[in-house]
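Colleague: For reference, the sequence and a predicted model appear below.
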Amino acid sequence: MTSNRLLADGVHRDWLRRKYVQALVHYAGVACVILPTIDADDAKGDSDLSIMGRLDGLILTGDESNIDPAIFSWSASRTLKLTGQADVQAGVRDRPRDRLSAGAIEKAFALGMPILGICRGLQELNVYFGGTLHPSLSEWRLESGQMHAEKAGLPRDRQYDTAHSVKFCPDGVLVPIAGAIEAHVNSLHNQGIERLAAALKPEAWASDGLIEAASVIGAPTLQIGVQWHPEWHVETDPLSKQLFNAFGEACITYRRTDRGVA
(Lines give C-alpha, C1' and ligand atoms only; values in the text may rest on other atoms or scores of the structure.)
Protein backbone atom coordinates (compact mmCIF):
# COMPACT_ATOMS: atom_id res chain seq x y z
CA MET A 1 0.00 0.00 0.00
CA THR A 2 1.10 3.57 -0.61
CA SER A 3 2.60 5.71 2.13
CA ASN A 4 2.66 9.50 2.37
CA ARG A 5 5.45 11.98 3.03
CA LEU A 6 5.51 13.97 6.26
CA LEU A 7 7.97 16.82 6.73
CA ALA A 8 8.27 17.79 10.40
CA ASP A 9 11.09 19.76 12.02
CA GLY A 10 13.01 19.52 8.77
CA VAL A 11 12.94 15.71 8.87
CA HIS A 12 11.26 13.65 6.13
CA ARG A 13 9.18 10.67 7.24
CA ASP A 14 7.00 8.16 5.38
CA TRP A 15 3.72 7.44 7.15
CA LEU A 16 0.13 6.24 6.88
CA ARG A 17 -2.76 5.78 9.27
CA ARG A 18 -2.90 2.51 11.16
CA LYS A 19 -6.58 2.20 10.15
CA TYR A 20 -5.54 0.87 6.74
CA VAL A 21 -3.35 -1.87 8.18
CA GLN A 22 -6.04 -2.96 10.63
CA ALA A 23 -8.76 -3.08 7.96
CA LEU A 24 -6.59 -5.09 5.56
CA VAL A 25 -5.36 -7.57 8.16
CA HIS A 26 -8.71 -8.14 9.88
CA TYR A 27 -11.22 -7.78 7.04
CA ALA A 28 -9.31 -8.47 3.81
CA GLY A 29 -7.21 -11.21 5.42
CA VAL A 30 -3.97 -10.06 3.81
CA ALA A 31 -0.49 -9.18 5.04
CA CYS A 32 0.65 -5.61 4.42
CA VAL A 33 3.72 -4.19 2.69
CA ILE A 34 4.09 -0.40 2.89
CA LEU A 35 5.69 1.16 -0.19
CA PRO A 36 7.97 4.15 0.47
CA THR A 37 7.47 7.51 -1.24
CA ILE A 38 9.81 8.52 -4.07
CA ASP A 39 12.03 11.61 -4.31
CA ALA A 40 12.61 13.29 -7.68
CA ASP A 41 16.26 12.22 -7.73
CA ASP A 42 15.23 8.58 -7.22
CA ALA A 43 12.51 8.54 -9.88
CA LYS A 44 14.54 6.70 -12.52
CA GLY A 45 13.45 3.31 -13.77
CA ASP A 46 11.17 1.09 -11.68
CA SER A 47 13.74 -0.73 -9.55
CA ASP A 48 12.30 0.83 -6.41
CA LEU A 49 8.93 -0.81 -7.24
CA SER A 50 10.29 -4.19 -8.36
CA ILE A 51 8.94 -5.65 -5.12
CA MET A 52 5.44 -5.31 -6.58
CA GLY A 53 6.15 -8.38 -8.68
CA ARG A 54 6.01 -10.33 -5.39
CA LEU A 55 2.79 -8.71 -4.15
CA ASP A 56 -0.85 -9.66 -4.76
CA GLY A 57 -2.63 -6.30 -4.74
CA LEU A 58 -2.29 -2.53 -4.42
CA ILE A 59 -4.04 -0.18 -1.98
CA LEU A 60 -3.89 3.51 -2.86
CA THR A 61 -4.48 5.11 0.52
CA GLY A 62 -6.14 8.41 1.31
CA ASP A 63 -4.42 11.60 2.44
CA GLU A 64 -5.20 15.30 2.92
CA SER A 65 -2.73 16.49 0.27
CA ASN A 66 -3.84 17.47 -3.23
CA ILE A 67 -2.59 15.71 -6.36
CA ASP A 68 -0.12 17.40 -8.72
CA PRO A 69 -1.33 16.18 -12.16
CA ALA A 70 2.09 16.93 -13.67
CA ILE A 71 3.60 14.08 -11.66
CA PHE A 72 1.25 11.56 -13.26
CA SER A 73 2.52 12.45 -16.73
CA TRP A 74 6.03 11.85 -15.36
CA SER A 75 5.75 8.07 -15.43
CA ALA A 76 6.51 7.80 -19.14
CA SER A 77 9.75 9.82 -19.19
CA ARG A 78 10.71 9.75 -15.49
CA THR A 79 12.63 12.99 -16.01
CA LEU A 80 10.14 15.57 -14.70
CA LYS A 81 11.75 18.28 -12.59
CA LEU A 82 9.60 20.85 -10.82
CA THR A 83 11.01 23.98 -9.28
CA GLY A 84 9.67 26.99 -7.42
CA GLN A 85 7.58 25.02 -4.91
CA ALA A 86 8.49 22.62 -2.14
CA ASP A 87 7.70 19.00 -2.97
CA VAL A 88 5.98 18.55 0.40
CA GLN A 89 3.58 20.95 2.09
CA ALA A 90 1.17 19.52 4.63
CA GLY A 91 -2.41 19.48 3.37
CA VAL A 92 -1.39 21.07 0.06
CA ARG A 93 0.96 18.84 -1.96
CA ASP A 94 2.89 15.60 -1.60
CA ARG A 95 4.88 15.02 -4.77
CA PRO A 96 6.87 12.08 -3.35
CA ARG A 97 3.52 10.35 -2.81
CA ASP A 98 2.41 11.36 -6.32
CA ARG A 99 5.55 9.75 -7.79
CA LEU A 100 4.96 6.59 -5.80
CA SER A 101 1.31 6.32 -6.82
CA ALA A 102 2.00 6.99 -10.51
CA GLY A 103 4.66 4.29 -10.61
CA ALA A 104 2.66 1.84 -8.49
CA ILE A 105 -0.47 2.19 -10.64
CA GLU A 106 1.61 1.68 -13.77
CA LYS A 107 3.17 -1.47 -12.32
CA ALA A 108 -0.09 -2.87 -10.91
CA PHE A 109 -1.92 -2.28 -14.18
CA ALA A 110 0.87 -3.99 -16.17
CA LEU A 111 0.75 -6.96 -13.79
CA GLY A 112 -3.05 -7.16 -13.86
CA MET A 113 -3.25 -7.17 -10.05
CA PRO A 114 -6.16 -6.06 -7.83
CA ILE A 115 -6.30 -2.34 -7.03
CA LEU A 116 -8.36 -0.56 -4.38
CA GLY A 117 -8.07 3.23 -4.37
CA ILE A 118 -9.42 5.08 -1.35
CA CYS A 119 -10.34 8.80 -1.51
CA ARG A 120 -7.09 10.30 -2.89
CA GLY A 121 -6.54 6.88 -4.46
CA LEU A 122 -9.65 7.21 -6.64
CA GLN A 123 -8.46 10.64 -7.78
CA GLU A 124 -5.01 9.21 -8.54
CA LEU A 125 -6.53 6.51 -10.75
CA ASN A 126 -8.55 9.11 -12.62
CA VAL A 127 -5.59 11.44 -13.19
CA TYR A 128 -3.26 8.56 -14.11
CA PHE A 129 -5.61 7.47 -16.91
CA GLY A 130 -6.05 11.03 -18.21
CA GLY A 131 -9.05 12.36 -16.28
CA THR A 132 -9.24 15.72 -14.52
CA LEU A 133 -10.17 16.96 -11.04
CA HIS A 134 -12.07 19.87 -9.59
CA PRO A 135 -9.29 21.74 -7.69
CA SER A 136 -11.86 22.72 -5.05
CA LEU A 137 -15.42 21.45 -4.75
CA SER A 138 -16.45 24.65 -2.94
CA GLU A 139 -15.34 26.70 -5.94
CA TRP A 140 -17.16 24.32 -8.30
CA ARG A 141 -20.41 24.36 -6.35
CA LEU A 142 -20.88 25.75 -2.82
CA GLU A 143 -23.36 23.09 -1.71
CA SER A 144 -21.03 20.36 -2.97
CA GLY A 145 -18.16 21.76 -0.96
CA GLN A 146 -20.33 21.66 2.15
CA MET A 147 -21.64 18.16 1.40
CA HIS A 148 -18.20 16.60 1.03
CA ALA A 149 -16.22 18.69 3.56
CA GLU A 150 -14.73 17.37 6.77
CA LYS A 151 -16.64 18.47 9.87
CA ALA A 152 -13.68 20.06 11.64
CA GLY A 153 -15.67 20.89 14.79
CA LEU A 154 -16.35 17.23 15.58
CA PRO A 155 -14.01 14.74 17.28
CA ARG A 156 -11.77 13.05 14.69
CA ASP A 157 -13.57 9.71 14.89
CA ARG A 158 -16.96 11.35 14.37
CA GLN A 159 -15.73 13.27 11.32
CA TYR A 160 -15.68 9.92 9.53
CA ASP A 161 -19.30 9.05 10.24
CA THR A 162 -21.51 8.73 7.14
CA ALA A 163 -21.89 12.06 5.34
CA HIS A 164 -24.26 11.42 2.43
CA SER A 165 -25.71 8.71 0.21
CA VAL A 166 -24.44 7.39 -3.12
CA LYS A 167 -26.22 5.44 -5.84
CA PHE A 168 -24.40 2.55 -7.53
CA CYS A 169 -24.26 1.80 -11.25
CA PRO A 170 -26.77 -1.07 -11.78
CA ASP A 171 -24.40 -3.05 -14.00
CA GLY A 172 -21.21 -2.16 -12.14
CA VAL A 173 -18.97 -4.15 -9.84
CA LEU A 174 -20.14 -2.46 -6.62
CA VAL A 175 -23.73 -3.75 -6.67
CA PRO A 176 -22.77 -7.43 -6.16
CA ILE A 177 -20.23 -6.38 -3.51
CA ALA A 178 -22.67 -4.16 -1.62
CA GLY A 179 -25.79 -6.24 -2.26
CA ALA A 180 -27.65 -2.96 -2.73
CA ILE A 181 -28.13 -0.15 -5.26
CA GLU A 182 -27.25 2.67 -2.85
CA ALA A 183 -25.55 3.27 0.48
CA HIS A 184 -24.54 5.96 2.96
CA VAL A 185 -20.81 6.70 2.93
CA ASN A 186 -18.24 8.77 4.84
CA SER A 187 -17.01 10.74 1.85
CA LEU A 188 -14.82 13.66 2.96
CA HIS A 189 -12.69 15.47 0.38
CA ASN A 190 -11.84 18.86 -1.10
CA GLN A 191 -11.03 17.75 -4.66
CA GLY A 192 -13.23 15.55 -6.80
CA ILE A 193 -13.56 14.07 -10.27
CA GLU A 194 -14.31 16.68 -12.94
CA ARG A 195 -13.87 14.62 -16.11
CA LEU A 196 -13.73 10.86 -15.77
CA ALA A 197 -10.92 9.13 -17.66
CA ALA A 198 -12.03 7.15 -20.71
CA ALA A 199 -10.43 4.02 -19.23
CA LEU A 200 -12.71 4.18 -16.17
CA LYS A 201 -16.38 3.26 -15.67
CA PRO A 202 -18.44 5.31 -13.17
CA GLU A 203 -19.58 3.10 -10.31
CA ALA A 204 -21.29 5.50 -7.86
CA TRP A 205 -22.63 9.05 -7.74
CA ALA A 206 -23.56 11.47 -4.97
CA SER A 207 -26.80 13.45 -5.18
CA ASP A 208 -24.93 16.46 -6.60
CA GLY A 209 -23.79 14.35 -9.55
CA LEU A 210 -20.21 13.96 -8.39
CA ILE A 211 -18.68 10.58 -9.26
CA GLU A 212 -17.86 8.78 -6.01
CA ALA A 213 -16.43 5.50 -7.36
CA ALA A 214 -14.99 4.20 -10.63
CA SER A 215 -13.53 0.95 -11.93
CA VAL A 216 -11.05 0.12 -14.68
CA ILE A 217 -12.90 -0.97 -17.82
CA GLY A 218 -12.06 -4.51 -18.90
CA ALA A 219 -9.95 -5.19 -15.81
CA PRO A 220 -8.97 -8.85 -15.29
CA THR A 221 -9.70 -8.51 -11.56
CA LEU A 222 -11.08 -5.98 -9.06
CA GLN A 223 -9.56 -2.61 -9.96
CA ILE A 224 -11.65 0.13 -8.38
CA GLY A 225 -11.43 3.41 -6.51
CA VAL A 226 -13.94 4.83 -4.03
CA GLN A 227 -14.10 8.41 -2.80
CA TRP A 228 -15.10 7.47 0.73
CA HIS A 229 -13.14 5.91 3.62
CA PRO A 230 -14.10 2.24 4.18
CA GLU A 231 -11.10 1.76 6.50
CA TRP A 232 -12.43 4.06 9.19
CA HIS A 233 -15.49 2.23 10.57
CA VAL A 234 -15.02 -1.13 8.88
CA GLU A 235 -15.84 -3.03 12.08
CA THR A 236 -19.43 -1.68 12.09
CA ASP A 237 -20.17 -0.73 8.47
CA PRO A 238 -21.34 -3.63 6.23
CA LEU A 239 -20.32 -2.00 2.92
CA SER A 240 -16.80 -1.37 4.22
CA LYS A 241 -16.46 -4.98 5.34
CA GLN A 242 -17.73 -6.27 2.02
CA LEU A 243 -15.38 -4.02 0.06
CA PHE A 244 -12.27 -5.14 1.96
CA ASN A 245 -13.44 -8.75 1.81
CA ALA A 246 -13.84 -8.49 -1.97
CA PHE A 247 -10.35 -7.01 -2.28
CA GLY A 248 -8.91 -9.82 -0.15
CA GLU A 249 -10.63 -12.46 -2.27
CA ALA A 250 -9.32 -10.82 -5.44
CA CYS A 251 -5.79 -10.90 -4.00
CA ILE A 252 -6.10 -14.62 -3.19
CA THR A 253 -7.37 -15.40 -6.69
CA TYR A 254 -4.59 -13.33 -8.24
CA ARG A 255 -1.94 -15.10 -6.15
CA ARG A 256 -3.24 -18.53 -7.17
CA THR A 257 -3.39 -17.58 -10.83
CA ASP A 258 -0.11 -15.68 -10.92
CA ARG A 259 1.80 -18.33 -8.97
CA GLY A 260 0.12 -21.24 -10.74
CA VAL A 261 -1.45 -22.54 -7.53
CA ALA A 262 -4.58 -24.67 -7.96
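Modeller: Structure received. Since this is a predicted model, take the numbers as computed values, not measurements.
Colleague: And the next helix or strand past the lowest-mean-pLDDT helix or strand in the chain?
Modeller: Lowest on mean pLDDT, DSSP states H and E among the helices and strands of the chain sits helix 74-77, with a mean of 48. Note on helix 74-77: by DSSP states H and E, the next helix or strand toward the C-terminus is strand 88-89.
Colleague: got a list of contacts for that next one?
Modeller: Outside strand 88-89, the residues within contact range by C-beta atoms under 8 Å, 6 or more residues apart in numbering are Arg5, Leu6, Leu7, His12, Ser65, Asp94, Arg95, Pro96. Just so you know, the C-beta spots here come from the backbone N, C-alpha and C atoms, and that holds for glycine as well.
Colleague: just how off-centre is it within its chain?
Modeller: The chain centroid and the centroid of strand 88-89 are separated by 19 Å under C-alpha atoms, centre = their mean, to the nearest Å.
Colleague: how many neighbours does the residue lying closest to Ser187 once chain neighbours are set aside have?
Modeller: By the measure of C-beta to C-beta, 6 or more residues apart in numbering, the closest residue to Ser187 outside its immediate chain neighbours is Trp228, 4.1 Å from it. Using other C-beta atoms under 10 Å, Trp228 has 31 other residues around it.
Colleague: Can you give me the distance of Trp228 to Asp237?
Modeller: 10 Å (C-beta to C-beta, to the nearest Å).
Colleague: again, but for Ser136
Modeller: 28 Å.
Colleague: So these two - more neighbours on which side?
Modeller: Per other C-beta under 10 Å, whichever of Ser136 and Asp237 has more neighbours is Asp237, with 20 against 13.
Colleague: before we move on, what SS does the closest residue to the more buried one other than its chain neighbours have?
Modeller: In this structure, Asp237 finds its nearest non-sequential neighbour in Pro230, 7.2 Å apart by C-beta to C-beta, 6+ apart. With DSSP: H, G, I helix; E, B strand; the rest coil as the basis, the three-state label of Pro230 is coil.
Colleague: From here on, call the first residue 74.
Modeller: Fine by me, first position is 74 from now on; the one you just mentioned is Pro303.
Colleague: Show the contacting residues for Pro303.
Modeller: For Pro303, the contact set (C-beta under 8 Å, 6+ apart) comprises Ala96, Ile191, Asp310, Leu312, Ser313, Leu316, Phe317.
Colleague: Out of these, which is nearest to Ala279?
Modeller: Distance to Ala279 across these (C-beta to C-beta) is lowest for Leu312, with 14.8 Å.
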